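1. got a sequence here, can you model it:
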Amino acid sequence: QVQLVESGGGLVQPGGSLRLSCAASGFTLGYYAIGWFRQAPGKEREGVSCISSSLDITYYKDSVKGRFTISRDNAKNTVYLQINSLKPEDTAVYYCATARRAACGEGRYSYWGQGTQVTVSS
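-> Sure thing, here's the model as predicted:
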């Protein structure tokens, strides 16, 4: 059974950092591109980052470039999203997902985790 489980969210002050984890089970995460998405209250879900399976090619939404870093540890079957210099507008539920394709932007994201809440507030 394919499963993705996010963790690492929490309440953090502006300027703080978090590292989100996306642990996979039921499939070998290293074979596939993994995307991170977020959905803020009252807003549509948006993609923030993606990492491909080969060469670890990474993509970022413009508003998070320089602050977010996506990486993978295939030995742990886990993808991470390091979030630095957090802003209140980063507050959202963060999800990881995969289309079970090798490259970002291919296929339809059909496997999703349950999400982890990130709240940025003083």
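2. CA atoms for contacts and neighbours, from now on please.
-> Noted.
3. from memory Tyr109 sits against Cys96, does it?
-> No. Contact between Tyr109 and Cys96 fails when scored by CA atoms under 8 Å: they sit 9.6 Å apart.
4. those two: which is more packed in?
-> Neighbour comparison, Tyr109 and Cys96: the larger count goes to Cys96, with 30 against 16 (by other CA atoms under 10 Å).
5. how about the more buried one, what does it touch?
-> With contact taken as CA atoms under 8 Å, 6 or more residues apart in numbering, Cys96 is in contact with 4-6, 22, 34-37, 112-113, 115.
6. any idea what Arg38 is bridged to?
-> The bridge-partner assignment for Arg38, based on DSSP bridges, gives Glu46, Tyr94.
7. quick thing: my sequence starts at 33, can you match it?
-> New numbering, starting at 33: the last item is Arg70.
8. so what's it scoring on pLDDT?
-> Each residue has a pLDDT score; the one for Arg70 is 98.
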